[in-house]
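Visitor: I'd like to go over a predicted model; first the sequence, then the structure.
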Amino acid sequence: MPKRIQRKRAQPEAQLQRAVCEFLTSALDSAVMWFHPANEQANEITRMRNSALGVMPGTADLIFLWYEGHGAIELKARGRKQSLEQEVWAAQYMALGGLYAVCRTPEEVEAVLRSWKLPLRASLKAKRA
């Protein structure tokens, strides 16, 4: 019996995150700390294990820390919406004074970071020109 060829599922948010992280690596200097909290939940066992380790469902994809403040960005592929857990996390985060945005492109991320007055040493516009 011939083997079935498994097609890889498209992962538009993973592709978006890779593009954004590549930009952040070149654009942000040491005045800003940023990271991705590994909060993916593959299955119920992983969810329970991660919960016991303090992983919070709904946490934004990227967290930014700088002397004057902190912010979080949730990355969403076009046509996708935040989960209820993400909306709840965002509301709690903003209630604590955090800046928050949902972005669908690397250009939106750049615009948000500029609106937060973060020092950028690179621009996507310059790369595309």
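Guide: Sure, I can see it.
Visitor: could you give the bridge partners of residue 66?
Guide: Beta bridges link residue 66 to residue 32, residue 69, judged by DSSP bridges.
Visitor: show me the contacts for it.
Guide: Counting by C-beta atoms under 8 Å, 6 or more residues apart in numbering, residue 66 touches 31-33, 118. C-beta: built from backbone N, CA, C; applies to glycine.
Visitor: what helices and strands are in contact with the longest helix belonging to the chain?
Guide: For the chain, the longest helix by residue count, based on DSSP state H, is helix 12-27. Packing contacts for helix 12-27, counted by 3 or more C-beta pairs under 8 Å, 6 or more residues apart in numbering; DSSP states H and E, involve strand 69-75, helix 106-115.
Visitor: go again using 10 Å as the cut-off
Guide: strand 32-35, strand 62-66, strand 69-75, helix 106-115, helix 124-128 (3 or more C-beta pairs under 10 Å, 6 or more residues apart in numbering; DSSP states H and E).
Visitor: redo these as CSV? Include mean pLDDT and distance to residue 54.
Guide: CSV is the format used below for the helices and strands packed on helix 12-27 (pLDDT from 0 to 100; distance: least, C-beta to C-beta, whole Å):
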stretch, mean pLDDT, distance to residue 54
strand 32-35, 96, 15
strand 62-66, 97, 14
strand 69-75, 97, 17
helix 106-115, 97, 26
helix 124-128, 70, 34
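Visitor: so which of those is the most surrounded?
Guide: Most buried of the helices and strands packed on helix 12-27 by mean neighbour count (mean count of other C-beta atoms under 10 Å) is strand 69-75; its value is a mean of 20.
Visitor: and the next helix or strand after it, how far out from the chain middle?
Guide: Counting by DSSP states H and E, the next helix or strand C-terminal to strand 69-75 is helix 84-95. What separates the centre of helix 84-95 from the centre of its chain is 14 Å, taken as C-alpha atoms, centre = their mean, to the nearest Å.
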